[in-house]
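**Q** model this:
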Amino acid sequence: MTVELWILVICAILSLIFPFFYNWHYGQQVGAKGLMGNRETLPERRGAALRGLRAHRNLLENLVPFAIVVLVARFTGISNFVTVFGAVLFLVARLVHAITYCAGIETAGIRSIAYFAGVIATLCVASQLLHFVN
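**A** From the prediction side, this is the model:
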């Protein structure tokens, strides 16, 4: 299995772990009994519970295009320095984005930089697919 596919698996696992983080924080707000019900009458999430939910949604939105380009690269047999670099950059960027978002860190736009680094990482991998077309 390529490095790019391993990183895709790690990102998938990260997306499965996120709900434990923000639901634990939400449980601190509404109590365990509240989480076990249908949640129709519970108050809105706030603080880390809301930031964690938003970070999770953002990860999922960015994981789909990344997964597509990684899987197409694998299907076409493309794995090189640029695809590995793009995958590693994506993972690091998403981890930085998740940590800073969940922690509420707003210093110097780190979260925005991490987001754009993730987009650039996906484009790095996608750029290698253009070589396959030619």
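
**Q** from here on, contacts and neighbour counts on C-alpha atoms
**A** Noted.

**Q** how about low-confidence regions in this protein?
**A** The chain contains residues with pLDDT under 70 at 35, 39, 132-134.

**Q** Quick check, central residue of it?
**A** residue 59 (2.9 Å; Cα atoms, centre = their mean).

**Q** That one against residue 96, yeah?
**A** No: in this structure, residue 59 is not within contact of residue 96 by Cα atoms under 8 Å, at 11.4 Å.

**Q** How about residues contacting the helix or strand hosting residue 121?
**A** Assigned by DSSP states H and E, residue 121 belongs to helix 110-133. Helix 110-133 has contacts (Cα atoms under 8 Å, 6 or more residues apart in numbering) with 62, 65-66, 69-70, 72-73, 76, 78, 82-87, 89-91, 93-94, 96-97, 100-101, 105.

**Q** and if you look at stretch 10-25?
**A** 48, 49, 50, 51, 52, 53, 56, 59, 60, 63, 91.

**Q** Let me know the closest of the residues you listed to residue 109.
**A** residue 51 (15.6 Å; Cα to Cα).

**Q** Excluding chain neighbours, what is closest to the closest one?
**A** Distances taken as Cα to Cα, 6 or more residues apart in numbering put residue 102 closest to residue 51, at 5.2 Å, once the chain neighbours are dropped.

**Q** Work out for me the element that neighbour sits within.
**A** Residue 102 is part of helix 81-103 when elements are defined by DSSP H and E.

**Q** Check the gap between the residue nearest to residue 51 and residue 53 for me.
**A** 9 Å (Cα to Cα, to the nearest Å).

**Q** quick one: the helix holding residue 121 to chain centroid distance?
**A** The chain centre lies 14 Å from the centre of helix 110-133; the measure is Cα atoms, centre = their mean, to the nearest Å.

**Q** Identify each buried residue in it, please.
**A** 110-111, 114-126, 128-129 (16 or more other Cα atoms under 10 Å).

**Q** Residue 45: how many residues sit nearby?
**A** When counting by other Cα atoms under 10 Å, one arrives at 18 neighbours for residue 45.

**Q** check contacts around it.
**A** 26, 29.
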